[in-house]
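Asks: Coordinates for the following, if possible.
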Amino acid sequence: MALDSERWFSEPFGEEGIAFSLELKEKLHEEQTPYQRIEVYETTRWGRLLVIDGCVMLTSRDNFTYHEMMSHPVLFTHPAPRNVLIIGGGDCGMLQEVLKHRGVAHCTQVDIDAGVTRASERFFPELCGANDDPRATLRFEDGVQYIKDLGAGSVDVLIVDSTDPVGPAAGLFGEAFFRDVHRAVADDGLIVQQSESPILHVDTLLRELHGAMRRAGFTRVVTLQYPVCSYPSGWWSATMAGKGADLTQFRAGDVERKPFRTQYYNAAIHRGALAVPEFCRHLLTDQ
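Replies: Residues are numbered from 1 along each chain as shown. As a prediction, the model looks like this:
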C-alpha cells in the first residue's frame, strides 16, 4: 500500500530496497540555501524532524543517541581534551554535548551553512543551549579549507558531524582531508567521523574510510556502533582515529563520575560499542 505523501515523510534507499517513513502533522519550515534544501516537520510521534536535501538529519525523539555517541566516547578517550573542533554540526546538538565537559576550554563549530543553525535555533532550541556559552565559537565557512589553514598540533579532538559524503560534505571523507587533520591535531589528538551504517556500508564507505585514515598517517582506527532509529537501517557508527594511543581504552572512572546527565551513553555502552560483529571483524578490528 502506498503511503499518502501529504501525511508521511519517506526517505527511500533504492540500492538497499528499503525506506524509512514518519507520519506528519504539518510542515513547519522550508528553505533553499545556497548549499542545500532545509525542511522542518512536526511529526505525530517523533517530535520535530529536520530534513536536508530529502534526507533525515534528526528527530526530537532519537537524536540523543547520535549526539552522545559522537561526542562522549572520543572526549573520554582523550586524556584531557581542552581545544575541540566540530566540522559540520549545524544543528548545534554536538556543541551542547561537548561543552558539558568542564575541562573543555574552547569549542569551535565550523558549518558551511548558517541556515541549518538558524533553523535549529528556531525549531530545536533544546539543542542550542550552548550556543551562547563563552567557550563556544560558531563559524559559517568551508570546513575543509578551515582545517587546511589551522596551525599544526592545534586541536585536541576533532568531531566531523557531517551529512552523507555527497554535495558539501564530499570533501570530508577523503585521504587529502585526513592528511590535513593529521597535521592539525596534537600528538595525542583524536578525530571521530560519522561513518554511516555497518550493515549497509561496511564494504564501501567504512572500508574506504579506514583505509584513508591509515594512509593519512593515523596508526590506530576503531569504529563504534550504536542505534539511531531514524537513520538508514537504524544501525549507525562513528569511526575514531589517533596517532598511537590504544583507542579501546578510555577514562571509565571519569565516565562513572561525570557531573552531567546523559540519556544513552555510559561506561558499559562505551565498552559495548567497541565490540566488533563477526561479519566485519576483518575490517573494524584495530591493528
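
Asks: element containing T117, please.
Replies: helix 114-123 (DSSP states H and E).

Asks: roughly how far is that helix from the heart of the chain?
Replies: When C-alpha coordinates are averaged (CA atoms, centre = their mean, to the nearest Å), helix 114-123 and its chain have centres 17 Å apart.

Asks: So what are the sheet partners of whatever helix or strand comes next after that helix and their directions?
Replies: Counting by DSSP H and E, the next helix or strand C-terminal to helix 114-123 is strand 136-139. Note on strand 136-139: by DSSP bridges, its sheet partners are strand 106-110 (parallel).

Asks: Surely V40 is in a strand?
Replies: Yes: counting by DSSP: H, G, I helix; E, B strand; the rest coil, V40 is part of a strand.

Asks: So it is in contact with G47, correct?
Replies: No: using CB atoms under 8 Å, V40 is not in contact with G47, being 10.9 Å away. For every residue, glycine as well, the C-beta is placed using N, CA and C.

Asks: neighbour count winner among the two?
Replies: Between V40 and G47, counting by other CB atoms under 10 Å, V40 is the more crowded of the two (20 against 17).

Asks: Have a look at the chain and report its longest helix.
Replies: Longest helix in the chain, counting residues (DSSP state H): helix 63-77.

Asks: for the protein, what spans make up the strands?
Replies: Counting by DSSP state E, the chain has strands at residues 8-13, 18-32, 37-43, 48-52, 55-59, 83-88, 106-110, 136-139, 155-161, 185-194, 220-227, 235-242.

Asks: Same list, those, but as a markdown table with mean pLDDT and distance to E175 please.
Replies: As requested, the strands of the chain are exported to a markdown table (pLDDT from 0 to 100; distance: least, CB to CB, whole Å):
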| stretch | mean pLDDT | distance to E175 |
| --- | --- | --- |
| strand 8-13 | 93 | 26 |
| strand 18-32 | 96 | 30 |
| strand 37-43 | 98 | 30 |
| strand 48-52 | 98 | 26 |
| strand 55-59 | 97 | 25 |
| strand 83-88 | 97 | 16 |
| strand 106-110 | 98 | 20 |
| strand 136-139 | 98 | 25 |
| strand 155-161 | 97 | 14 |
| strand 185-194 | 97 | 13 |
| strand 220-227 | 96 | 13 |
| strand 235-242 | 96 | 12 |
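
Asks: between these, which one is nearest to V255?
Replies: strand 220-227 (13.9 Å; CB to CB).

Asks: Partner strands of that closest one, with direction?
Replies: strand 235-242 (antiparallel).

Asks: any idea of the angle the partner strand forms with helix 63-77?
Replies: Counting by axes from the mean of the first three to the mean of the last three CA atoms, to 10 degrees, strand 235-242 lies at 20 degrees to helix 63-77.

Asks: Quick check: which ranges of the stretch 151-287 of the chain have low pLDDT?
Replies: Along the stretch 151-287 of the chain, the model assigns pLDDT under 70 to residues 163-173, 283-287.

Asks: Identify the residue nearest the geometric centre of the chain.
Replies: Of all residues in the chain, the one closest to the mean position by CA atoms, centre = their mean is D161, 3.4 Å from it.
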